[in-house]
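Participant: Predicted model follows, preceded by the sequence.
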Amino acid sequence: MILAPCKDCENRKIGCHSRCVAYIKYKSELNDAQKGIIECQDYKTYKNGKITKMQRETIRNIRRGRKRW
């Protein structure tokens with residue numbers, strides 16, 4: 001987890017996030033990390049969907065009297 005640079009900052013004022021170099025860098029790193037998480041979740045969702053589809057097809061084929069493979 002990336003810690004925000006704002007805690008205990010001596011230069012902290014209202015609206016300083018738009019000008020603070022440390023906060024802009026922090027926000028950029030946070031966005032990059034979130035993109036990586038989203039991509040990983042997309043892959044897991046795709047993989048789980050494929051597995052579920054294969055399981056349903058196997059069950060359907062067994063009920064119809066067909067072989068599994």
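Facilitator: Structure's in. What do you need? As the structure is a computational prediction, the values presented were derived from the model and not from experiment.
Participant: Please, where are all the strands along the protein?
Facilitator: In the chain, no strands are defined using DSSP state E.
Participant: the helices in it, which residues?
Facilitator: The residue ranges that make up the helices of the chain, judged by DSSP state H, are 21-63.
Participant: how long is stretch 13-28 end to end?
Facilitator: Between the opening and closing residues of stretch 13-28 we find a distance of 21 Å, counting by Cα to Cα, to the nearest Å.
Participant: List the buried residues of that stretch.
Facilitator: Judged by neighbour count (16 or more other Cβ atoms under 10 Å), stretch 13-28 contains these buried residues: C20, Y23, Y26. Every C-beta, even on glycine, is put in place using the N, C-alpha and C of the backbone.
Participant: now the residues you listed as CSV including distance to A33 and pLDDT?
Facilitator: Output for those, formatted as CSV (distance: Cβ to Cβ, whole Å; pLDDT from 0 to 100):
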residue, distance to A33, pLDDT
C20, 19, 88
Y23, 15, 88
Y26, 11, 89
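Participant: can I get those in TSV with distance to I59?
Facilitator: TSV is the format used below for these (distance: Cβ to Cβ, whole Å):
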residue	distance to I59
C20	57
Y23	53
Y26	49
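Participant: so what's the closest residue to C16 other than its chain neighbours up against?
Facilitator: In space, and not counting its chain neighbours, C16 is closest to Y23: 7.4 Å by Cβ to Cβ, 6 or more residues apart in numbering. Applying Cβ atoms under 8 Å, 6 or more residues apart in numbering to Y23 gives the contacts A4, P5, C6, C16, H17.
Participant: Recalculate using a threshold of 7 Å.
Facilitator: Y23 makes contacts with P5, C6, H17, as judged by Cβ atoms under 7 Å, 6 or more residues apart in numbering.
Participant: In this structure, where is pLDDT below threshold?
Facilitator: Applying pLDDT under 70 to the chain flags the ranges 1, 68-69.
Participant: thinking again about what came up before, out of the contacts of Y23, which is nearest to K44?
Facilitator: The shortest distance between K44 and any of these, using Cβ to Cβ, involves P5 and amounts to 31.6 Å.
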